[in-house]
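Participant: Build the 3D model from these lines:
(one chain, ligands or ions: 1)
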Amino acid sequence: MTACGDNQFDAVVIGGGFYGAVIASSLKTRFGMKRVLLIEQEHSLMTRASLRNQARVHNGYHYPRSYKTAYRSRINLPKFAQDWPAAVSSKFTKLYAIASKNSKVTPKQFIRFCKEIGAPVELANPFHRSLFDSRLIESVFQVEEYAFDAQILSKLAHKELCEHQIDMRFATKALGIYPLDSGLNRVTLKRQDGEESSVEGRLVFNCTYTGLDRVRGEFSGLKTTLKHEVTEMALLELPDELNKVAVTVMDGPFFSLMPYPSRNLFTLSHVRYTPHFSWLEEASIDPYKRLDEYEKGSRAHRMLLDTARYMPLISDARHVDSIFEVKTVLAKNETDDGRPILFEEYPDYPGLFSVLGGKIDNIYDILERMEACIKPAV
Ligand SMILES: Cc1cc2nc3c(=O)[nH]c(=O)nc-3n(C[C@H](O)[C@H](O)[C@H](O)COP(=O)(O)OP(=O)(O)OC[C@H]3O[C@@H](n4cnc5c(N)ncnc54)[C@H](O)[C@@H]3O)c2cc1C
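Facilitator: Sure thing, here's the model as predicted:
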């Protein structure tokens, strides 16, 4: 069935982040949908979590406590690099260092884990080892991991949407979802200028990440509990000796330093200081509003002070700016730090799907789930 009527679509995708953009394009290219609409509350594509993140294309190393997440990263990184080559940067050396104290993983365990997931790992060379204080860092490994440029990714995703003639409505918020007797789902909308309207879709994909459990109407909400965290990453200019490396210290209250190609700077995140506060999903709290209203006192100084104990040269870094964003994860992954996908369907709302990918490369796990449950249009 192909939807007809001006406000009827084969599929309506809510949320113009990386997930919504890729899903909208794939509904045309893989599933043969004729009319697809993408709704985004901001003025352009990918301005929220898909832009304001640590830009790491994960290759598994970060997840020694969640084998499945690590293994899926190994499968998905090559696909991401192949599909978005212009957005992928590998012009740096990626180091994973194991702290001598308070690490949940030892160097031996880390090597064994890398072998188990088939990820390349070798001891870092003397120059790279010399960047760390050997009293606090037991071992340093060189590995293979990339960064992505979110601005380029956004431009490429936007180009694809245009090429596939996806209808896009920006500055438009989805308010609620209502199942209709016709088998379609109605999505009510409000534009920033106040105008209200609605559209109908045979399929509706909610890809709103932080806003995922807030598009309700008659829909009673997710089956899964979300956890929101207001996060800060420091944006740094690094001294010459450091500006070709990326570093993650494992596995505990440590830090990650990654290139942030879209601003030609580096991000520093710290397990202790990056999360400012967190809460479990609650109807009375709008996470975007909570972030807007938060006074955003920076903790970059504290991040830098602690990082300098392990990597003294970071003291010469310049704090240029900080990125604040809400990070949304599944509450159940609190302890293992895993990043599985959320892909929910609902017997009472046929055609409605809620989607959340814990990291950028998980999009391929979502596309696999879609292949398994969506019949291509004829
Ligand atoms: C601090 C931080 C660091 C991270 N680091 C990494 C990393 O290094 N590597 C990695 O792979 N992943 C990382 N992630 C996770 C990654 O950013 C997300 O998995 C990914 O961006 C999610 O994409 P998305 O499209 O679902 O979300 P988003 O990009 O947030 O898109 C959702 C969109 O929905 C819109 N929206 C919300 N509500 C509504 C509504 N009611 N109506 C219309 N539009 C709406 C929003 O405006 C937004 O544009 C990080 C995330 C954060 C926050």
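
Participant: quick one: what helix or strand has S73 in it?
Facilitator: With the criterion set as DSSP states H and E, the secondary-structure element containing S73 is helix 67-83.

Participant: Over to E160?
Facilitator: Using DSSP H and E, the secondary-structure element containing E160 is helix 150-163.

Participant: Quick one: name whatever helix or strand follows that helix.
Facilitator: Proceeding N to C from helix 150-163, the next assigned helix or strand is strand 167-169, under DSSP H and E.

Participant: Tell me which strands that following strand pairs with, and in which orientation.
Facilitator: When pairs are called by DSSP bridges, strand 167-169 turns out to pair with strand 36-39 (parallel).

Participant: For the strand it pairs with, buried residues please.
Facilitator: 36-39 (16 or more other Cβ atoms under 10 Å). The way it works is simple: take the backbone N, C-alpha and C, and place the C-beta from them, glycine included.

Participant: Give me the mean pLDDT for that strand.
Facilitator: When pLDDT is averaged over strand 36-39, the result is 98.

Participant: Touching it from outside, list them.
Facilitator: Taking contacts as Cβ atoms under 8 Å, 6 or more residues apart in numbering, the residues outside strand 36-39 that touch it are 9-16, 20-21, 24, 27-28, 161, 164, 166-169, 172-174, 187, 189, 199, 201.

Participant: Show me the subset of those residues that also lies near the ligand.
Facilitator: Among the contacts of strand 36-39, the ones lying near the ligand by Cβ under 6 Å from any ligand atom are 14-16, 20, 173-174.

Participant: Neighbour-wise, which one of these leads?
Facilitator: Counting neighbours by other Cβ atoms under 10 Å, G16 comes out on top of these with 31 neighbours.

Participant: is it true that that one lies in a strand?
Facilitator: No. Under the criterion used here (DSSP: H, G, I helix; E, B strand; the rest coil), G16 is coil, not part of a strand.

Participant: Find the nearest non-adjacent residue to it, please.
Facilitator: The spatially closest residue to G16, leaving aside those adjacent along the chain, is E40, at 3.1 Å (Cβ to Cβ, 6 or more residues apart in numbering).

Participant: Can you give the domain ranges for the chain?
Facilitator: The record assigns the chain these domain ranges, following automatic domain parsing: 8-48+152-221+339-373, 77-148+226-333.

Participant: Just name the most buried of these.
Facilitator: Comparing these on average neighbours per residue, with mean count of other Cβ atoms under 10 Å, the densest one is domain 8-48+152-221+339-373 at a mean of 19.

Participant: just to revisit the earlier point, tell me if I'm right that the residue nearest to G16 and V12 touch.
Facilitator: No. Applying Cβ atoms under 8 Å as the test, E40 and V12 come out as separate, 11.9 Å apart.

Participant: Excluding covalently adjacent residues, which one is nearest to whichever residue of the chain sits closest to the ligand?
Facilitator: When you check the chain against the ligand by Cβ to the nearest ligand atom, the closest residue turns out to be G17, at 2.0 Å. The spatial neighbour of G17 that comes closest, neighbours along the chain excluded (Cβ to Cβ, 6+ apart), is S50 at 4.2 Å.

Participant: Could you do Q192 as well?
Facilitator: With Cβ to Cβ, 6+ apart as the measure, A171 is the residue that lies nearest to Q192, at 4.2 Å, once sequence neighbours are left out.

Participant: contacting residues around the one you found?
Facilitator: If you count contacts by Cβ under 8 Å, 6+ apart, A171 has them with 40-43, 191-193.

Participant: quick one: it from S44, how far?
Facilitator: The gap separating A171 from S44 is 9 Å, by Cβ to Cβ, to the nearest Å.

Participant: who in the stretch 51-200 of the chain is up against the ligand?
Facilitator: In this structure, the stretch 51-200 of the chain approaches the ligand at residues 53-56, 58, 173-174, judged by Cβ under 6 Å from any ligand atom.

Participant: mind running it again at 5 Å?
Facilitator: Taking Cβ under 5 Å from any ligand atom, the part of the stretch 51-200 of the chain that reaches the ligand is made up of 53-54, 56, 173-174.

Participant: So which of those are in strands?
Facilitator: With strands defined by DSSP state E, the entries of those inside them are 56, 173-174.

Participant: and those residues as a markdown table, adding pLDDT?
Facilitator: Output for those, formatted as a markdown table (pLDDT from 0 to 100):
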| residue | pLDDT |
| --- | --- |
| R56 | 98 |
| K173 | 98 |
| A174 | 98 |
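
Participant: Could you single out the nearest of those to K79?
Facilitator: R56 (15.8 Å; Cβ to Cβ).

Participant: The spatially closest residue to the closest one that is not a sequence neighbour: what's it in contact with?
Facilitator: The spatially closest residue to R56, leaving aside those adjacent along the chain, is M258, at 5.4 Å (Cβ to Cβ, 6+ apart). Contacts for M258 (Cβ under 8 Å, 6+ apart) come out as 54-56, 147, 246, 266-267, 269.
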